[in-house]
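**Student:** Return atomic coordinates for the entry below.
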Amino acid sequence: MKVRYVPLRPNKNLGIAGKIFLLIGVIYLLFLVFSWGYVKVDKILLDKSFSEIMKEEKANKPKIMAKQRKLLEERYNLTPKTTTEVTMSGGKPLPVGPTARLKNGLTFEDLASMSPEEIKEKGVFPYLPLPHPHPQNGGMVFPPVQTKIHPELVRFDVDFDLPDAFLPEFPPPLYLTTHPELGDVSKGKEITLDNYYELFKDILTPVQLEGLRLLLTKFPQQQFNATDDRKSEKPSLGVSCFDCHVNGHTTGQFHLNPDNRPQETRFRIDTVSLRGTHIQQLFGSKRSIRSVEDFCEFEQRSAYFDGDHTLAAKKGINPLSREQVMHMAQFINIIDFPPAPKLNRYGRLDPAKATEKELLGEKIFFGKGKCGYCHPAPYYTDQLMHDLKVERFYQGRPEGPIKTFTLRGLKDSPPYFHDGRLLTIEDTVEFFNLVLELKLTREEKEALVAFLRQL
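**Tutor:** Have a look, this model is predicted:
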């Protein structure tokens, strides 16, 4: 039997009034379909008042943070050990590791002798992905050293979770490619809208100065704004680019990678430094953005709101013109790496300045350690993405390809890896010794750490 499909057409006998009525009905139906998501969001938000949500989440915060603290203490020895033999560029002592707590009485040498399959089967891999303390809410979380000065960045639902010893210094120094002779042009201060003009009026072009102003201007962000679903106690103007990238660097702030779903299984991601952006080619949390200009625009339009354009419009998005974006990029592109006095113009150690241990570390870096394949001199990045297949070592979903970050200025940027799971340079060396199956000796690992501190 053949089925005949008859196209739906208004009845010719309806008349003008009937057709108008039918048209209005169709338009209304379409409105309901397309607005369903908005209605749903509003309904959820209006189920409880802001004060009720805040009271409830304030009450839950101690339990959430106690759970995260327990997880961290199971994984790491959080009692800080530091050294002043080499310090961060501003003088803060470097944290010393490794900090990972190994299971079953194992040593790192024991782990290095095991196959990935054996490590996975026994569940003894020490460097599992580091979760956000509150993955359901997600969002940017700022360290206490910053929120003490900027209480508007305090959240009522979650706190920062890592000790200050494992974070970059605050405020970090700022170096410019256009004025290497000036050293730290921030003069030890946090750059803000109140002081930027006085600090930079004589050393920046008008375009660069305007770009810096925009980088210091607060825009609404998902957790920090004036709406009733914010996570700050008081209404907020939002956050600026330089709230996260303080002085063009980082102070260890973290959030959730906006590119993965579902929410609870998304990767934690650390704020990266903007130092040396001029030599980089991949940007964004999935490294899919190919220019600094596009990155600036993406961050404000999408990442600030977790990729939700509906919420962006609701909270008060501030669209930037392409000219403004270019001004921001003009300044970002002159943020330089910190000085590395033992490196020559080719990014290699000067034998007249380096110690024997550092020179041995350099030899291992470009030889047995295989680091130089992905981190070639002079900037110690190959501008590519690589999949380390870390899931070979533990039960969990694949982490996928990750950008090769530059290692210049490495000592200024703990914790390490994209989610901060490696608290020290020593932990980073142990991680790659396992993942790349290098079989480095203890002396070789110590030499490699000594070299990495000079970059």
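
**Student:** can I get the CA coordinates of the biggest strand by length in the chain in CSV?
**Tutor:** When the chain is parsed with DSSP state E, its longest strand is strand 82-87. C-alpha atoms of strand 82-87 as CSV (Å, rounded to 0.1, in the frame of the first residue of the first chain):
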residue,chain,number,x,y,z
THR,A,82,62.0,25.3,49.7
THR,A,83,65.4,26.4,48.5
THR,A,84,67.0,29.8,48.0
GLU,A,85,69.9,28.4,46.0
VAL,A,86,67.8,29.5,43.0
THR,A,87,64.8,31.7,43.5
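
**Student:** just checking, what packs against it?
**Tutor:** Contacts defined by 3 or more CB pairs under 8 Å, 6 or more residues apart in numbering; DSSP states H and E place strand 82-87 against strand 93-95. To be clear about C-beta, it is placed using only N, CA and C from the backbone, and glycine gets the same treatment.

**Student:** Do you have the helices of the chain handy? List them.
**Tutor:** 15-46, 50-75, 108-112, 116-122, 144-147, 196-200, 206-215, 241-244, 292-301, 309-315, 322-332, 356-366, 425-435, 442-452 (DSSP state H).

**Student:** Which one of these lies nearest to residue 91?
**Tutor:** helix 144-147 (14.6 Å; CB to CB).

**Student:** Give the buried residues for the closest one.
**Tutor:** 145-147 (16 or more other CB atoms under 10 Å).

**Student:** what's the answer for stretch 438-448, then?
**Tutor:** By 16+ other CB under 10 Å, the buried positions in stretch 438-448 come out as 438, 440, 444-445, 447-448.

**Student:** same thing with stretch 196-207?
**Tutor:** The neighbour-count check on stretch 196-207 (16+ other CB under 10 Å) flags 196, 199-200, 204 as buried.

**Student:** From the opening residue of that stretch to its closing one, how far?
**Tutor:** 14 Å (CA to CA, to the nearest Å).

**Student:** ok, residues contacting that stretch?
**Tutor:** 176, 178-179, 182, 185-187, 189, 191, 208-209, 212-213, 216, 327, 330-331 (CB atoms under 8 Å, 6 or more residues apart in numbering).

**Student:** how far does it sit from the chain's center?
**Tutor:** 28 Å (CA atoms, centre = their mean, to the nearest Å).

**Student:** returning to that earlier point: filter the contacts of stretch 196-207 to the buried ones?
**Tutor:** For the contacts of stretch 196-207, a burial check counting by 16+ other CB under 10 Å picks out 176, 185-186, 191, 208-209, 212-213, 216, 327, 330-331.

**Student:** picking that back up, could you check the angle the longest strand of the chain makes with helix 442-452?
**Tutor:** 60 degrees (axes from the mean of the first three to the mean of the last three CA atoms, to 10 degrees).

**Student:** Give the rounded mean pLDDT of strand 82-87.
**Tutor:** Strand 82-87 shows a mean pLDDT of 91.
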